[in-house]
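> Have a look at this prediction, sequence included:
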Amino acid sequence: MATKEYPVIWLQAAGCTGCSVSALNAVSPKIKNLLLDEIVPGKHINLRFQATIMAGEGEPVIEVLRDTQKEKKGEYILIVEGAIPTAAGGIYGSIGEEGGKPATILKRVEDLGRDAQMTIALGSCAAYGGIPAAKPNPTGCQGVKEVFENKKIKTLVINLPGCPMHPDWFLGTISMILLSGTSLDLDEIARPKLFYGKLIHENCPRRADFDKGKFAEALGEEGCLYKLGCKGHYTYADCPLRQWNNGLNWCIKAGSPCLGCVEPEFPDLTSPFYEKITWEDVKCKKL
Amino acid sequence: MQKIVIDPITRIEGHLAIEVMVDKGIVKEAKSSGTLFRGFELILKGRDPRDANRLTQRICGVCPASHATASALGLDSAFGLSDKIPDNGRIIRNLILGANFLQSHILHFYHLAALDYVDVSSAIGEVAPFVPRYEGDYRLPSKVNQSALNHYLGALDIRRKAHEMLAIFGGKMPHNVAVVPGGVTEKPTIDKITNFLWRLNEIREFIENAYIPDILAVAKTYKDYFEIGKGCQNLLAYGVFELRKGKFLKSGIISEKLECNNFEAENITEDVKHSWYADSTSGKRPAQGETHPEPEKKGGYSFIKSPRYGGKVYELGPLARMVVNYALNGPVRNLRSPGKSSQSSGVKSLINSLLAELNAKPSALFSVLGRHAARALECKIVAEAMASWLEELKPGEPMYITYEIPQKSEGIGLTEAPRGALGHWIKVKDKKIERYQVITPTSWNASPKDDRDQPGPIEQAIIGTKIKDEENPFEIVRIVRSFDPCLACAVHLITAKGKRLGEFKIG
């Protein structure tokens, strides 16, 4: 049986490339498998555009964007990494040229998003604006969903937040898409429940310390990190169970409070990172 | 004159466009222009100074450990902690930074630069994302090419393991959580040290058996690239990896005669004549630096400023660090290689034996291949040093000290990213960040012309280059990538009016 090809375009917007690097840290399957093999039997990701690893550059790779949009309309998956600068018509970021002028990231995301089968917003910047959208948001950065809503683009958006996102969350979502298309079990802010369904606090190895009232008073001490600013009690991700970098470690295990990096409130409302902020405080600040 | 625009330049970090003017096959002018601005310095203002340590890492997902280090050193100095960091804290910071040096150098050679020299399509077919590409100058003998391709795939695992090694002490990567002012949050325990050591041993074997031999193989086949991309030939290093006294790789400035002079941070200024910032902010020292964008400014073509040292143009990076330490006869020590007997290796002996093997003079280091070779040798030297630092860790002893944030103070953090010297300058007022300035290595290397109209290092390295095939300008992209640019770091904007005119496009 012929292998089914899934054309994918991976655009880097206003970000740090950290989610691309995190994807390279995938263990099983490895990134090599994603590029060369059938991730799911009979199905292969055809990664046509990814600026960090692709061989080509300049006008020929911009041509790949145009061709894919035209020839694979409604078929290709768009991955966006980084936030989208929208201030002053999007002049703060561009990728390549159209008609002899720099083409804004905003325009590229709108155009490619409109004709995509679905869009994956990779990392907290693409999902909600993230760090570049932090106060005073100098470039008017927005997440993909907000950009689509403003332009009434109906394409499904899957949010995979995190700063960066965990490689398992990315590859797991890709596998789910290859197996079941667009019918994914998402929460109310479009995150797959499989990865973002559990509260960090519920599964934290320091939970017993919290229950006993044993709190660390300084970094490096044993005990729950609540008083040192841990945001694990309103952050939904499976970090304590999955852990990071091949399951070796994660923020709280390394003695650091959770920064709440997968939540839409990151970073403005989950900071100061080393000060206690309750969910009540966050709700007040949101109002 | 023919104009060539390459936008985007891929296989670098971030958004970069290069525009050159070519006359009879020779580059006469070159403009390096970043195409993304995020405004980190504006975002940091008014925040808790400790948060800078987490937020500045997000400037760059490829070298976050360097920003964490620069920020921690800057905050240490602002908080009066510089001479109080426990040895365990100092060493673990070095191991975290070192692990990312190894990751970054291996990623850079195999996954970013190698596709300019290694023909992937001949081995695996015309598969995305390995096509389209520039064609016509893949020269490696097929056996060498196949071996390098195998190492391309193997290096994906090795660089991942370098990040795993980092996470053992850093919590996670990219964007570690352990490096903080006052030391680190993660404790050194025997199991972690052992786990780290055996990942390091595997990486060292790869450097020895794949990375360095592949660099030599490329160098022997593409010998002309010892003559291409010479650049400004002034080199600058801040030095990196804190020892109890001084730094493991030393600081210094180097002229083309390979003489080394002391580096003094107060000689750094930033020009903006050709950058989209208000002229009134030109020539300032970083501690007084200001960021007033003027996207319509006449004569501007980049939102990267032009950092200069004593008014002169300097190149930063592994080449600078290696040549400074060559001139100063930097780290020489008896180091054990895994499975081998004790051997002596220092910057000078390593560079001399490399030059001898390639039958090249020290001046050949100022080139595309010189930069790649310096990066590979540094990778070996840093990995060796890390093995000895691991042995200096003392489980059970402190790795962090507590402190009070002062009402008012200033700090400076100077270190090195894999791609060159990195500085953070912070001013604290009312326990909040009043001013935060970052000067990244790519700001120097990819800078536009300065107030005296001197082109930046990458521009200088491109100007004068002979382009064999204007449809496939390999020379330009090979020169640019030899600097390992990191554009997310270099913070910039693009003009509303489209300053880069596309009269002639490649492809």
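Looks like it arrived, so ask away.
> Might you report the residue contacts of the most centrally placed residue in chain B?
By CA atoms, centre = their mean, chain B has its centre lying nearest to residue B:419, at 0.8 Å. Contacts here follow CB atoms under 8 Å, 6 or more residues apart in numbering or on different chains; on that basis residue B:419 touches B:63, B:104, B:108, B:316-318, B:441-442, B:445, B:483-486. Yep, even glycine has a C-beta here, placed from its N, CA and C like the rest.
> Residue B:416 in helix, strand or coil?
Classification of residue B:416 by DSSP: H, G, I helix; E, B strand; the rest coil places it in strand.
> again, but for residue B:471
Residue B:471 - assigned by three-state DSSP - is coil.
> quick one: it from residue B:1, how far?
17 Å (CB to CB, to the nearest Å).
> Next: residue B:310.
34 Å.
> likewise residue A:175?
52 Å.
> Between these two, point out the one with more neighbours.
residue A:175 (14 against 10; other CB atoms under 10 Å in any protein chain shown).
> Show me what the strand or helix carrying that one is in contact with.
For residue A:175, the element it lies in under DSSP states H and E is helix A:167-180. Contacts to helix A:167-180, defined as CB under 8 Å, 6+ apart, come from residues A:6, A:19, A:22-27, A:29, A:34, A:39-40, A:43, A:45, A:77, A:118, A:120, A:122, A:158, A:160, A:162, A:184, A:192, A:194-195, A:242.
> Is it possible to mark the buried ones in the residues you listed?
Buried positions within the contacts of helix A:167-180, assessed by neighbour count (16 or more other CB atoms under 10 Å in any protein chain shown), are A:6, A:19, A:22-26, A:29, A:34, A:39-40, A:43, A:45, A:77, A:118, A:120, A:122, A:158, A:160, A:162, A:184, A:192, A:194-195.
> wait, what's in contact with the spatially closest residue to residue A:151 that is not a sequence neighbour?
Distances taken as CB to CB, 6 or more residues apart in numbering or on different chains put residue A:110 closest to residue A:151, at 5.4 Å, once the chain neighbours are dropped. If you count contacts by CB under 8 Å, 6+ apart, residue A:110 has them with A:147, A:148, A:151, A:153.
> Serialize those to a markdown table and add fields for pLDDT, secondary structure and neighbour count.
Shown next, in a markdown table, are those (pLDDT from 0 to 100; DSSP: H, G, I helix; E, B strand; the rest coil; neighbours: other CB atoms under 10 Å in any protein chain shown):
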| residue | pLDDT | secondary structure | neighbour count |
| --- | --- | --- | --- |
| A:147 | 98 | helix | 27 |
| A:148 | 98 | helix | 22 |
| A:151 | 97 | coil | 14 |
| A:153 | 98 | coil | 19 |
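> just curious, which of the residues you listed is nearest to chain B?
Proximity of those to chain B (CB to the nearest CB) peaks at residue A:147, which lies at 16.2 Å.
> isn't the closest one right up against residue A:109?
Yes: in this structure, residue A:147 is within contact of residue A:109 by CB atoms under 8 Å, at 6.0 Å.
> can you list residues touching both of these two?
Contacts common to residue A:147 and residue A:109, judged by CB under 8 Å, 6+ apart, are residue A:84.
> Need the pLDDT of the residue of chain A positioned farthest from its centre.
Residue farthest from the centre of chain A, counting by CA atoms, centre = their mean, is residue A:212 at 35.1 Å. Turning to residue A:212, the model gives it a pLDDT of 98.
> Contact partners for it?
Residue A:212 makes no contacts at all, as judged by CB under 8 Å, 6+ apart.
> Residue A:16 too?
Residue A:16 makes contacts with A:82, A:131, B:58, B:59, B:60, B:61, B:62, B:64, B:174, B:488, as judged by CB under 8 Å, 6+ apart.
> next one: residue A:81
A:10, A:11, A:12, A:13, A:15, A:17, A:19, A:20, A:122, A:123, A:125, A:126.
> For residue B:484, see how far away the nearest residue to residue B:63 once chain neighbours are set aside is.
Distances taken as CB to CB, 6+ apart place residue B:417 nearest to residue B:63, at 4.4 Å, with adjacent residues excluded. For residue B:417, the distance to residue B:484 equals 9 Å [CB to CB].
> Backbone dihedrals for residue B:231, please?
phi 80, psi -160 (degrees, to the nearest 10).
> Just give the number of residues close to residue 285.
I went with chain A, as the question did not name one. By other CB under 10 Å, the residues close to residue A:285 number 12.
> The chain in question should be chain B.
Neighbours of residue B:285 under the rule other CB under 10 Å: 14.
> count of neighbours near residue 41?
With no chain named, the answer covers chain A. 9.
> switch to chain B, that's the one I care about
Residue B:41: 19 neighbours (other CB under 10 Å).
> And residue A:234, by the same measure?
19.
> The residue of the stretch 151-287 of chain A at minimum distance from chain B in helix, strand or coil?
Of all residues in the stretch 151-287 of chain A, residue A:254 sits closest to chain B, at 3.0 Å by CB to the nearest CB. Recorded secondary structure, residue A:254: coil (three-state DSSP).
> ok, for it, nearest residue in space, not its chain neighbours?
residue B:171 (3.0 Å).
> residue contacts, the one you found?
By CB under 8 Å, 6+ apart, the contact list for residue B:171 reads A:244, A:249, A:250, A:251, A:253, A:254, A:255, A:256, B:177, B:178, B:185, B:186.
> Is the fifth one in contact with residue A:245, as I believe?
So the one you mean is residue A:253. No: if you go by CB under 8 Å, residue A:253 and residue A:245 don't touch, sitting 11.4 Å apart.
> Among those two, which residue is more densely surrounded?
residue A:245 (25 against 20).
> Excluding chain neighbours, what is closest to the more buried one?
Nearest residue to residue A:245, sequence neighbours excluded (CB to CB, 6+ apart): residue B:167, at 3.6 Å.
> give me the number of residues near that neighbour?
29.
> Shouldn't it be within a strand?
No: looking at residue B:167 with three-state DSSP, it is helix, so not inside a strand.
> what sits against it?
Residue B:167 touches A:244, A:245, A:248, A:249, B:173, B:176, counting by CB under 8 Å, 6+ apart.
> now the last one, what's its secondary structure?
Read it as residue B:176. Here residue B:176 is recorded as coil under three-state DSSP.
> Quick check on it: phi, psi?
The phi/psi pair for residue B:176 (degrees, to the nearest 10) reads phi -70, psi 160.
> Please tell me I have it right and residue A:112 contacts residue A:69.
Yes: Residue A:112 sits in contact with residue A:69 when judged by CB under 8 Å, with a separation of 5.9 Å.
> Count the residues that sit near the closest residue to chain A within the stretch 51-200 of chain B.
Relative to chain A, the nearest point of the stretch 51-200 of chain B is residue B:61 (2.4 Å; CB to the nearest CB). For residue B:61, the neighbour count with other CB under 10 Å is 28.
> Doesn't it belong to a strand?
No: counting by three-state DSSP, residue B:61 falls outside a strand, being coil.
> Which residues are in contact with it?
Residues near residue B:61 by CB under 8 Å, 6+ apart: A:15-22, A:164, B:13, B:174-175, B:488.
> could these be laid out in CSV, adding pLDDT, secondary structure and distance to residue B:131?
Shown next, in CSV, are the contacts of residue B:61 (pLDDT from 0 to 100; DSSP: H, G, I helix; E, B strand; the rest coil; distance: CB to CB, whole Å):
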residue, pLDDT, secondary structure, distance to residue B:131
A:15, 91, coil, 26
A:16, 92, coil, 28
A:17, 94, coil, 22
A:18, 96, helix, 27
A:19, 97, helix, 24
A:20, 97, helix, 20
A:21, 97, helix, 23
A:22, 98, helix, 26
A:164, 98, coil, 28
B:13, 82, strand, 22
B:174, 98, coil, 29
B:175, 98, coil, 33
B:488, 67, helix, 26
